[in-house]
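Participant: have a look at this fold, sequence not included:
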C-alpha cells in the first residue's frame, strides 16, 4: 500500500520539507520507511540508528509532532489517508536531515560525580534495595525526555539545567545502596533541579516507561529542599559552622 | 586530487582503540590505567554499540547460584560448546578471569540482579552446566556498556571520537602505526598516529539479510586487519542464533534472548511436540533430560535434575528448528513456537524478560505472557576473526591487537551464550594492557605522507562523477549472496558459486557512488562499509569451502560429519600478492589433565 511520508531535510538552519511516496508493508515501522526512501529516492538522507529493536536509543525523532523512537513506531498506527511527517528532535541543533547534535548531553553527564564504591570487603545489596535504581538504569539515552522538557525545548536553559535524563542519573547514584558520594549541591547549583516544574512530559515520552518525574526527580527535589531550605537545619549549620 | 593535499586533522597517541563497544571501552580503560594516552574511536555515539543488544547475561563461574560451579567447569563447557576447536589457552584465561572482571563492574557501579543473600544472581543458559550468567533482566549488555562508558569518560588521557570511522590502518615495515579516519557528521578526515592499535569492531552480520546485528556490523575490523597484513582465523564459523523473530517481515531476525529458554521456555512444532528431545547429540546425552518429566524437574529446581534439551548449544537448536520447518512442522511464518506463557506466571515473565515482553507487544502485536512466540534462526555472531595470542591479544601484525567479537579463538566452532560479554571484558582488559605496554616501550613512527595521501584518495574516490552503482542496491545483492551461498547450511557447489558472485560484486563495488555532500552522508559511509563487507564475505566463503566437515556453526550438506583431522586445524586467511591465501594451521593441543576433564562424560 502506498504511503506519503514528509521528512524535514537540510543542514544547520537551511531546512525544507521533502515529500516521498513509499510502499508500506506488514509490521513496518517508521525507520523502515526512512530506509526504503534512502535506498530508493534519497541516498544521502541522514538518519541515526543502530539496533532497530528499541534498545540503543539512537533513532529519536518527532513523528507527527510526537517524540518517538522511529524503530518502535508502527506505520499502521497512523491514518493511511494522511501523510506522516518526520522531523528531527527540536531541542538540539540539526546536523543534517533527521540527525541532531546531542553532544551537550555527554558534556552534562561528564560533570556528574560518578559512582563512589565503599571501601569494604564483599559489600552486599538486596534485590528490593536495587529495584528502584534498576528502573533508572533501564535508560537507553534516547534523549527524548530532554527533547520534550520545556526547560530545554522552549527556554533553552542548557547552561543551567541538566534535564530529566541527568537529574535521573543523579537520582540513580544517590539511591544506589552502596554509593558514597553526595550530589545534592551540584543537583541544586549546576544541574538546576529547581527549574523542573513537574509537568511529567518526560515520563510520558520515555520509551522505557521509566517514571522519571515521580520516582527520580521529585525525591531528589525533596532531598535538596531538606538539605538547603529546612530552617532548623539552616540554623544548626550556622551555629556549628 | 593532484598535488593539493586534502585538509585533515592530525592526532597522536600511544594507543588507538578502534571500536567503542564493550571490548573497545574496556581496552581503553586498561590502556589508560597503564599510563598510556588513548584515542577511542566510536563509529556511533558512545554507548550505542552492539553490546547494548546483548540480553541474557555475562558468564562467569562466581558460584553464587550453584556453589558447584568453578572455572574448570566453565572451561569445559566452553570447549565442548566450541566443538573442541577453541584456543584452549584463551578458554582457560577467560574462565579464570571472568569472575574478577564481573566483580570489578560492580565496583564501577553496575547493578546486577541479586540472589537472596545479596550477591550477584546467575541464570541458566544454553551449554552451561550450572547457572552462570550474571544478568540484569534481559538487558545485561546495556548495563555493562553503560558501566564501562561512565567509567571511561572519567579516565585520564582518553580522547573519545564519537561518530568517527576508521577507513584504513596505516603500516610501515609490517607494523601498524596509526589510521586514517573520517568524522561522520562533517566528512572531515583525521589521521591518528599511534604506537599500537587495538581492533575491537565487533562482527559482520550486516553481510547477511536475516540478522540480529545493527548497521555497524560490517566487518570493518576484520577487513582493516586483513588489508594491513594480519591473519584472520576460523572465518567459516558464524553463529546462527536459533531464536530470532520471524514475523512481521520488518523485524525478521531481531533477537529473542536465550534467556527465554533459560527461564523455562520450551520449543514446540506445529503438532505441539516438544521436538528438541529428538535432537540431543550423543556428547551431551549424559547431561540432558531425556523426557518432559525430567526437564520439568529441572525447572522446579529438583536437585540433580538434568537440563532441558532447549538449552543445548545454539548450533544444535538452530539446526533442529530448521529441520522441523523443512519437514513441514514449522509455525505459520516458517519458524518454531517458543512458549514461556505456559511455563511461568505473567508477573515473573515481565520482571525477568521485560524487553522481550515489550518487543513482541510493540512490534509483533503479541503478548508473550499469554501466547507463544514464533522464532527462527538469525545471523548473530562471528566466532572467527583476527588471529591473536591468548596471553596478550596481539595479532600477527606487529603493533596490532584485537579483542571481543573481532578476535578469534575463544569460542572455537560455536560460542556459548553469555560468553561474549565475559569475553569482551576479559580480553578487552588484556589487549588494553598489552597494547599500552608495547606502545610505551616503542619508538614513535611517523606516518608516511604518500601512504596517507593514497588512503585519503581511496576514501574520497566514491564521490567521483564517473561512479555509477547505488550502494544500497549492491548491499542487498551482497546479502542475498551470503544468505543463499554461505548461510546456515552450505555445500561445495553453492560456495564456489558464491565466491564467483562475490568477485563479480567486488568489481562493481569499485564503481559504487556516494551521492551528495560529505556531511552526514549514509550513502558514502555505506560505500566504505561495502568494501569491508566484501573482504570479510570472501574470507567467510573461502574458509567455508576449505573446511570439508560439519562442526558447530559451520554445516556442510556434502560433509555432514566431524572430520577428526580437520578438527585439529584452524583455517587461516592471509592477504597474498594475488588476493586471499587459505592456509591450514595446526591447532594448539591442551595438556592431558585438562583434555581428560573436558572429555569426561558428565560432571
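Facilitator: Thanks, I have the structure now. Keep in mind that what you see is a predicted model, and the values were worked out from it rather than measured. Residues are numbered from 1 along each chain as shown, chains lettered A, B, ... in the order given.

Participant: helix or strand next in line after the host helix or strand of residue B:451, which one?
Facilitator: Element membership of residue B:451, judged by DSSP states H and E, is helix B:449-460. Toward the C-terminus, helix B:449-460 is succeeded by helix B:471-485 as the next helix or strand (DSSP H and E).

Participant: please work out which residues outside that next one touch it.
Facilitator: Applying CB atoms under 8 Å, 6 or more residues apart in numbering or on different chains, the contact partners of helix B:471-485 are A:38-39, A:43, B:206-210, B:494-495, B:497-499, B:501-502, B:505, B:508-509, B:512-514, B:523, B:526-527, B:530, B:533-534, B:537, B:540-541. Where C-beta positions appear, they are placed from N, C-alpha and C, glycine not excepted.

Participant: same thing but 6 Å
Facilitator: Contact with helix B:471-485 is made by A:39, B:207-209, B:494, B:497-498, B:501-502, B:512, B:523, B:526-527, B:530, B:533, B:537, as judged by CB atoms under 6 Å, 6 or more residues apart in numbering or on different chains.

Participant: are any of the residues you listed buried, and if so which?
Facilitator: Neighbour counting over these (16 or more other CB atoms under 10 Å in any protein chain shown) leaves A:39, B:207-209, B:494, B:498, B:501-502, B:512, B:523, B:526-527, B:530, B:533, B:537 as the buried ones.

Participant: ranges for the strands of chain A?
Facilitator: A:2-11, A:14-23, A:60-63, A:66-69, A:84-87, A:94-96, A:99-100 (DSSP state E).

Participant: looking at these, which is nearest to residue B:290?
Facilitator: Judged by CB to CB, the one of the strands of chain A that comes nearest to residue B:290 is strand A:66-69, at 44.8 Å.

Participant: and residue A:136, how many neighbours does it have?
Facilitator: The number of residues packed around residue A:136, counting by other CB atoms under 10 Å in any protein chain shown, is 23.

Participant: in space, what's closest to it - neighbours in sequence excluded?
Facilitator: Among residues not flanking residue A:136 along the chain, residue A:172 sits closest, at 3.8 Å (CB to CB, 6 or more residues apart in numbering or on different chains).

Participant: state the pLDDT value of the most centrally placed residue in chain A.
Facilitator: Centrality entry for chain A: nearest residue to the mean C-alpha point is residue A:143, 2.5 Å, by CA atoms, centre = their mean. The model reports residue A:143 with a pLDDT of 98.

Participant: right, and it touches residue A:103 too?
Facilitator: No - using CB atoms under 6 Å, residue A:143 makes no contact with residue A:103, being 10.9 Å away.

Participant: what's the helix holding residue B:451 packed up against?
Facilitator: When contacts are defined as 3 or more CB pairs under 6 Å, 6 or more residues apart in numbering or on different chains; DSSP states H and E, helix B:449-460 packs onto strand B:164-171.

Participant: so for the strand it packs on, what gets flagged as buried?
Facilitator: Neighbour-count burial for strand B:164-171 [16+ other CB under 10 Å]: B:164, B:165, B:166, B:167, B:168, B:169, B:170, B:171.

Participant: between helix B:449-460 and the next helix or strand after it, find me the angle.
Facilitator: Sequence-wise, the next helix or strand beyond strand B:164-171 is strand B:176-183, with elements assigned using DSSP H and E. Interaxial angle, strand B:176-183 versus helix B:449-460 (axes from the mean of the first three to the mean of the last three CA atoms, to 10 degrees): 40 degrees.

Participant: which residues are contacting strand B:176-183?
Facilitator: Applying CB under 6 Å, 6+ apart, the contact partners of strand B:176-183 are B:41, B:164-170, B:189-194, B:197, B:397, B:399-400, B:445, B:447, B:455.

Participant: cool, and stretch B:272-292?
Facilitator: Contacting residues not belonging to stretch B:272-292 are listed as B:266-269, B:295, B:306-310, B:320, B:324, B:601-602 [CB under 6 Å, 6+ apart].

Participant: got a list of what residue B:508 touches?
Facilitator: residue B:469.

Participant: any idea how far it is from residue B:471?
Facilitator: 10 Å (CB to CB, to the nearest Å).

Participant: ditto for residue B:511
Facilitator: 11 Å.

Participant: so between these two, which is more surrounded?
Facilitator: Neighbours were counted for residue B:511 and for residue B:471 using other CB under 10 Å; residue B:471 has more, 25 against 13.

Participant: could you measure from the more buried one over to residue B:178?
Facilitator: 27 Å.

Participant: find the nearest non-adjacent residue to the closest residue to chain A within chain B, please.
Facilitator: Per CB to the nearest CB, residue B:248 is where chain B lies closest to chain A, at 2.2 Å. Leaving aside its sequence neighbours, residue B:248 sits nearest to residue A:27 (CB to CB, 6+ apart; 2.2 Å).

Participant: how close does that neighbour sit to residue A:170?
Facilitator: Look at residue A:27 and residue A:170: by CB to CB, they are 39 Å apart.

Participant: who's more crowded, those two?
Facilitator: residue A:170 (24 against 19).

Participant: distance of that one from residue A:196?
Facilitator: Applying CB to CB to residue A:170 and residue A:196 gives a distance of 12 Å.

Participant: so where is the chain shaky, pLDDT-wise?
Facilitator: If you meant another chain, say so; for now it's chain A. A:241 (pLDDT under 70).

Participant: please refer instead to chain B.
Facilitator: Checking chain B against pLDDT under 70 turns up B:1-5.

Participant: is the top helix by length along it anywhere near chain A?
Facilitator: Counting residues, the longest helix found in chain B (DSSP state H) is helix B:522-546. Yes - Helix B:522-546 comes into contact with chain A (CB under 6 Å from any CB of the partner chain), by way of residue B:523.

Participant: just how off-centre is that helix within its chain?
Facilitator: Chain-centre distance of helix B:522-546: 16 Å, with CA atoms, centre = their mean, to the nearest Å.

Participant: could you give the angle of it to helix B:449-460?
Facilitator: Going by the same axes, to 10 degrees, helix B:522-546 makes 100 degrees with helix B:449-460.

Participant: not counting its own residues, what contacts helix B:522-546?
Facilitator: Outside helix B:522-546, the residues touching it (CB under 6 Å, 6+ apart) are A:43-44, B:167, B:204, B:207, B:218-220, B:222-223, B:226, B:232, B:235-236, B:462, B:471, B:478, B:482, B:486, B:490, B:495, B:498-499, B:502, B:506, B:509, B:512, B:514-515, B:571, B:573, B:580, B:582.

Participant: filter these down to the ones in strands?
Facilitator: B:167, B:232, B:571, B:573, B:580, B:582.
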